[in-house]
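> predicted model, plus sequence, below.
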Amino acid sequence: MGILPYIGFAVAAVIYYRRRTPNHPQPNTDFKTGPECLKIIEGSYHPDGRRNYLSEHDARALENETIQRVFGIRNAFTTCDRHEAKRFVQGVTRLMKLTDTGWDGLGRVLYRTAWDTLDMELATGDRTRVNLASVTQVLALKSSLSVFFHMTDKVDNGGLLDLAATIHRTWVDMKREEPDVKDFKDNHDLQNKLSAVFPGRDKILDARSNPLNLILPSFETVWRVALRLFLELHRRDSDNQDDILTLVAFAQKPTDAQFKTEAYENKISARSLVKEAFRLYPSTRRIRRAYLFSDAENRITCTANVEACQTDPKVWGEDAMEFKPARWKKAGVVQDLAFLAFGGRPFLCPASQDFGLRVVGLIAGVLLDIFGDEWGLELDAEEMKGLGSGERLSNDRDAYDGVFANIGELWKDRLE
């Protein structure tokens, strides 16, 4: 009879099975457009219209369980209690409401901290170079301590350097899912670095009073964007003198009016410069939410791909991967919906009301002012190639950790 009848029978069986078996396609879990990403961030419904049977706060907290465990925190990002989350956000929002006098005071603190950190780094190193990532991290951490804890001159900069480096290393290891990442309760190194700045171990070990509740969201958000903004302007120095002058002017006079002023020939404000840095180098590259559907036994994770959304050529143009702050002069509703660096409602970051932008602008401006023109970059060949190409800088979490500013023998005399 041959093999043909058997082949025909097999094909018929497959067709019959497909017709009889319901089709349950796997839902899309990675979203890259503004409206879809906003739907994921909100968390109540999947972009395909299906309802999430988890509450908005459960959907967020479940995806942040690792952060809660590794850093020992309980805040608006990690709690399932919407009332607790609301109280936390309200408290943070109050602390962020700085007057122009408050911003001026913060600027003075950061200038002093920058000079002290450079002095310390040069005294303990080879006296010709400093690690740019470390200095930027210290300024970001100092801004958090000043705003959220009113700690201005009480902290040793060496302790800040150690704490900043330990937080960053722990964060990177956690995101990489390194197997040896310890829970906070077992991470005595992080505990010791934190208690050196915040005496009182009982307070640190209490998830609700742990200072990292306030430090962590601002620190990791701020320093990486500030460093990349600094590097963007430095690497194209001759073409961006007006941009540099704009940020330096804001650092020297950090008022709301100065932040929005278009004073130089480029007609670009400090606000546009910083906002473009947040667009091109979002510190939160992906926002995840847990979803549970009525017809499913297990929950799934859906992702708002912030980085892809903010670099989509369909929204931002063919130059979407380039640093072009002038784009914000003509940005419209479509661009506003696709700018998700501070999340979206109902979880819009309180720092979205210009606080986050101004802190990054202040830090980058202080660095540009202090370093001036009398220095050069030192980094490995691959990273140097990326800087020189004019292409988008790396947005990896540990990129440029090893970048140094070589200030030379003459420049260091200014510190003596």
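Ah, there it is.
> which stretches in this protein count as strands?
30-31, 129-131, 286-291, 300-305, 376-378, 404-406 (DSSP state E).
> can you put the ones you listed in a markdown table and add distance to residue 72 and mean neighbour count?
Just so you know, the C-beta spots here come from the backbone N, C-alpha and C atoms, and that holds for glycine as well. Formatted as a markdown table, the strands of the chain follow (distance: least, CB to CB, whole Å; neighbours: other CB atoms under 10 Å):
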| stretch | distance to residue 72 | mean neighbour count |
| --- | --- | --- |
| strand 30-31 | 30 | 18 |
| strand 129-131 | 27 | 21 |
| strand 286-291 | 21 | 20 |
| strand 300-305 | 23 | 20 |
| strand 376-378 | 36 | 15 |
| strand 404-406 | 33 | 19 |
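> surely residue 222 meets residue 361?
No. Residue 222 is not in contact with residue 361 according to CB atoms under 8 Å; the separation is 10.5 Å.
> residues contacting the spatially closest residue to residue 107 that is not a sequence neighbour?
Of all residues not flanking residue 107 in the chain, residue 254 sits nearest, at 4.6 Å (CB to CB, 6 or more residues apart in numbering). Each residue near residue 254 by CB atoms under 8 Å, 6 or more residues apart in numbering is listed here: 100, 103, 104, 106, 107, 358, 361, 362, 365.
> among these, name the buried ones.
103, 106, 107, 358, 361, 362, 365 (16 or more other CB atoms under 10 Å).
> can you flag which of these belong to helices?
Among the buried ones among the contacts of residue 254, the members found in helices (DSSP state H) are 103, 106, 107, 358, 361, 362, 365.
> in CSV: the residues you listed, plus pLDDT.
Formatted as CSV, these follow (pLDDT from 0 to 100):
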residue, pLDDT
103, 98
106, 98
107, 98
358, 98
361, 98
362, 99
365, 98
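> need those in JSON lines with distance to residue 80, can you?
Below are these laid out as JSON lines (distance: CB to CB, whole Å):
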{"residue": "103", "distance to residue 80": "35"}
{"residue": "106", "distance to residue 80": "34"}
{"residue": "107", "distance to residue 80": "39"}
{"residue": "358", "distance to residue 80": "32"}
{"residue": "361", "distance to residue 80": "35"}
{"residue": "362", "distance to residue 80": "35"}
{"residue": "365", "distance to residue 80": "40"}
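> of all the contacts of residue 254, which comes closest to residue 318?
Nearest to residue 318 out of the contacts of residue 254 is residue 361 (CB to CB; 27.1 Å).
> nearest residue to the closest one in space, please, no chain neighbours.
Closest to residue 361 by CB to CB, 6+ apart is residue 274, at 4.4 Å.
> so who does the one you found touch?
225, 229, 357, 358, 360, 361, 364.
> how many other residues sit next to the closest residue to the last one other than its chain neighbours?
Read that as residue 364. The shortest distance from residue 364 to any non-neighbouring residue, by CB to CB, 6+ apart, is to residue 229 (4.5 Å). Residues lying near residue 229 (other CB atoms under 10 Å) number 30.
> how close does residue 137 sit to residue 367?
12 Å (CB to CB, to the nearest Å).
> actually residue 300, not the one I wrote
Residue 300 is 42 Å from residue 367, by CB to CB.
> repeat that for residue 330.
29 Å.
> low-confidence regions, this protein specifically.
Along the chain, the model assigns pLDDT under 70 to residues 1-27, 125-126, 237-238, 380-386, 388-389, 408-416.
> dead centre of it: give me the residue that sits there.
Centroid-nearest residue in the chain, with CA atoms, centre = their mean: residue 283, separated by 2.3 Å.
> now it. Nearest residue, chain neighbours left out?
residue 221 (4.6 Å).
> equivalent analysis for residue 275, please.
Residue 275's closest residue in space is residue 328 (CB to CB, 6+ apart), at 5.6 Å.
> isn't that neighbour right up against residue 273?
No. Residue 328 lies out of contact with residue 273 (CB under 8 Å); the separation is 9.0 Å.
> quick one: which of those two has more around it?
residue 273 (28 against 18).
> state the distance from the more buried one to residue 361.
Applying CB to CB to residue 273 and residue 361 gives a distance of 7 Å.
> before we move on, what about residue 131?
For residue 131, the distance to residue 361 - CB to CB - is 22 Å.
> in contact with residue 328, which residues?
With CB under 8 Å, 6+ apart, residue 328 has these contacts: 271, 272, 275, 276.
> by neighbours, which of those residues wins?
residue 272 (24 neighbours).
> rewinding a little: residue 330 and residue 367: who's more crowded?
Shown here are residue 330 and residue 367; by other CB under 10 Å, residue 367 has more neighbours (26 against 7).
> the closest residue in space to residue 111 that isn't next to it in sequence and residue 251: what is the separation?
Distance criterion CB to CB, 6+ apart; nearest residue to residue 111, sequence neighbours excluded, is residue 366 at 5.7 Å. Distance, residue 366 to residue 251, by CB to CB: 5 Å.
> swap in residue 42?
Plainly put, residue 42 is 36 Å away from residue 251 if you go by CB to CB.
> partners of the nearest residue to residue 131 once chain neighbours are set aside in the sheet?
In this structure, residue 131 finds its nearest non-sequential neighbour in residue 404, 5.6 Å apart by CB to CB, 6+ apart. Counting by DSSP bridges, residue 404 is bridged to residue 131, residue 378.
> residues in contact with residue 404?
129, 130, 131, 132, 377, 378, 379.
> CSV for these, including distance to residue 118?
Formatted as CSV, the contacts of residue 404 follow (distance: CB to CB, whole Å):
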residue, distance to residue 118
129, 11
130, 6
131, 11
132, 11
377, 16
378, 15
379, 18
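> which one of those is nearest to residue 203?
When the contacts of residue 404 are compared against residue 203 (criterion: CB to CB), the nearest one is residue 131, at 30.5 Å.
> residues contacting the closest one?
Taking CB under 8 Å, 6+ apart as the definition, contacts of residue 131 comprise 121, 402, 403, 404.
> so how far is residue 63 from the third one?
Counting by CB to CB, the gap between residue 403 and residue 63 amounts to 31 Å.
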